[in-house]
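# predicted structure and sequence below. I'll ask about it afterward.
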Amino acid sequence: QQMLTEVGQNELAHVPLMEDVRQRLLAKAVAFHGEFLEKQSNEPDVRQQAGQAYQQVGNVYRMLGRFPDAEAAYRNSMERFEALTK
């Protein structure tokens, strides 16, 4: 997951003609986080991981210029983290 995000986010960000490859790598990073996004758990560590996954997904969507999707992911992340404090 870290490698997909790092390569897609940093390594290929400014390489000409690599946008398709970058988009595919970032899509794989989003898919990887999917398992955490599907989990509904009362376990604090699972809820924390889900919050972090939503944050990463928001970062990827932001990089892809999908700002409404990024905003929704960030909101979900904040909701997960806020729930941990209750």
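Nice, I can see it.

# what's the neighbour count on residue 43?
Other residues near residue 43 number 9, with proximity taken as other CB atoms under 10 Å. Placement of C-beta: from N, CA and C, glycine included.

# what sits against it?
Listed by CB atoms under 8 Å, 6 or more residues apart in numbering, the contact set of residue 43 is empty.

# ramachandran coordinates for it?
Phi and psi for residue 43, reported as degrees, to the nearest 10, are phi -70, psi 120.

# so for it, what's the pLDDT?
According to the prediction, residue 43 has pLDDT 80.

# got it, and residue 78?
With respect to pLDDT, residue 78 scores 93.

# grab the nearest non-local neighbour of it.
Once flanking residues are discounted, residue 78 sits nearest to residue 51: 7.9 Å by CB to CB, 6 or more residues apart in numbering.

# ok, how many other residues are close to that neighbour?
20.

# distance of it relative to residue 58?
Separation of residue 51 from residue 58 (CB to CB, to the nearest Å) stands at 11 Å.

# list the helices and strands the one helix or strand residue 70 maps to packs on?
According to DSSP states H and E, residue 70 maps onto helix 67-84. Using 3 or more CB pairs under 8 Å, 6 or more residues apart in numbering; DSSP states H and E as the contact test, the elements touching helix 67-84 are helix 44-63.
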